[in-house]
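**Q** generate coordinates for the sequence data below:
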Amino acid sequence: MTHPRKITRDDVLSMDAYAKVRKERRAAMVETKRNRRMEVGPYVTFYFENYATMWQQIHEMLFIEKGGEDQIADELAAYNPLIPNGSELVATMMFEIDDPVRRKSILSRLGGVEESVILKIGDEDVKAFAEEDVDRTSADGKASSVHFLHFPLSPEQKSAFSKEGPQIMLAIQQEGYQHMAMMPETVRQELAGDLD
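**A** Numbers count the residues shown, from 1 in each chain. Have a look, this model is predicted:
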């Protein structure tokens with residue numbers, strides 16, 4: 001099955017039409033995202049993106065910011081690159097630390113963390129690369145709390161990921177944040193649909 005890879009202007013509802021279905025769409029998205037997320041360590045959650053999550057994100061941005069037609073092109077340009085292309089997984093990596101003082105302290109030690117993320121498929125390592133929209137590490141070495149990551153998979157890695165069997169881990173190997181987690185089978189099954 002081929003999944004949509006790009007949201008076009010024709011895919012964007014009017015805000016009046018979206019308002020009528022917003023409650024149902026948001027409820028459905030909670031269910032969609034349930035098996036598209038993974039926690040790694042005490043502060044990081046990976047949210048794996050696809051066409052549906054980005055469609056929802058674009059509509060929410062338009063609905064909340066009320067930028068009208070002028071905003072649509074910017075939202076499409078921002079979020080289309082986060083739709084997997086069939087040979088990759090794409091994730092938003094978020095540091096979720098409620099206390100602002102603690103958040104600032106932790107992130108100030110994690111510059112470059114976006115360059116230290118690995119997806120392990122059995123014995124194979126897939127190094128993530130960050131979306132290059134903006135620099136997510138400041139000049140003074142403070143990491144952003146949000147990073148957009150791509151995991152490019154070879155045909156062999158795609159095949160291995162798509163089958164039940166190999167252990168799949170998500171690891172962050174930055175000196176100040178060294179954590180890994182095993183991917184639940186329900187998440188692997190859901191994400192395998194991004195690869196075709």
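
**Q** I'd like the next helix or strand past the lengthiest helix in the chain.
**A** When the chain is parsed with DSSP state H, its longest helix is helix 15-34. Following helix 15-34 in sequence order, the next helix or strand is strand 37-40 (DSSP states H and E).

**Q** state the mean pLDDT of that following strand.
**A** Across strand 37-40, pLDDT averages out at 97.

**Q** low pLDDT regions in this structure?
**A** Filtered on pLDDT under 70, the chain yields the residue ranges 1-3, 133-140.

**Q** can you show me the strands along it?
**A** For the chain, the strands defined by DSSP state E cover 37-40, 44-48, 88-95, 117-121, 124-127, 129-130, 146-152, 168-174, 177-182.

**Q** could you dump those to TSV with distance to residue 193?
**A** Yep, even glycine has a C-beta here, placed from its N, CA and C like the rest. TSV is the format used below for these (distance: least, C-beta to C-beta, whole Å):
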stretch	distance to residue 193
strand 37-40	15
strand 44-48	10
strand 88-95	11
strand 117-121	16
strand 124-127	18
strand 129-130	22
strand 146-152	15
strand 168-174	15
strand 177-182	20
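
**Q** so for residue 111, which of these sits nearest?
**A** The closest approach between residue 111 and any of these, judged by C-beta to C-beta, belongs to strand 168-174 at 8.7 Å.

**Q** for that closest one, packing partners?
**A** Counting contacts by 3 or more C-beta pairs under 8 Å, 6 or more residues apart in numbering; DSSP states H and E, strand 168-174 packs against strand 37-40, strand 117-121, strand 177-182.

**Q** ok, and the closest non-adjacent residue to residue 130?
**A** Using C-beta to C-beta, 6 or more residues apart in numbering and skipping the chain neighbours, the partner closest in space to residue 130 is residue 114 (4.2 Å).

**Q** go ahead and confirm that neighbour touches residue 92.
**A** No - shown here, residue 114 and residue 92 do not form a contact pair, counting by C-beta atoms under 8 Å, at 11.2 Å.

**Q** now do the same contact list for the closest residue to residue 6 other than its chain neighbours.
**A** Once its chain neighbours are removed from consideration, residue 6 has its nearest residue in residue 80; the separation is 5.4 Å (C-beta to C-beta, 6+ apart). Residue 80 makes contact with 6-7, 54, according to C-beta atoms under 8 Å, 6 or more residues apart in numbering.
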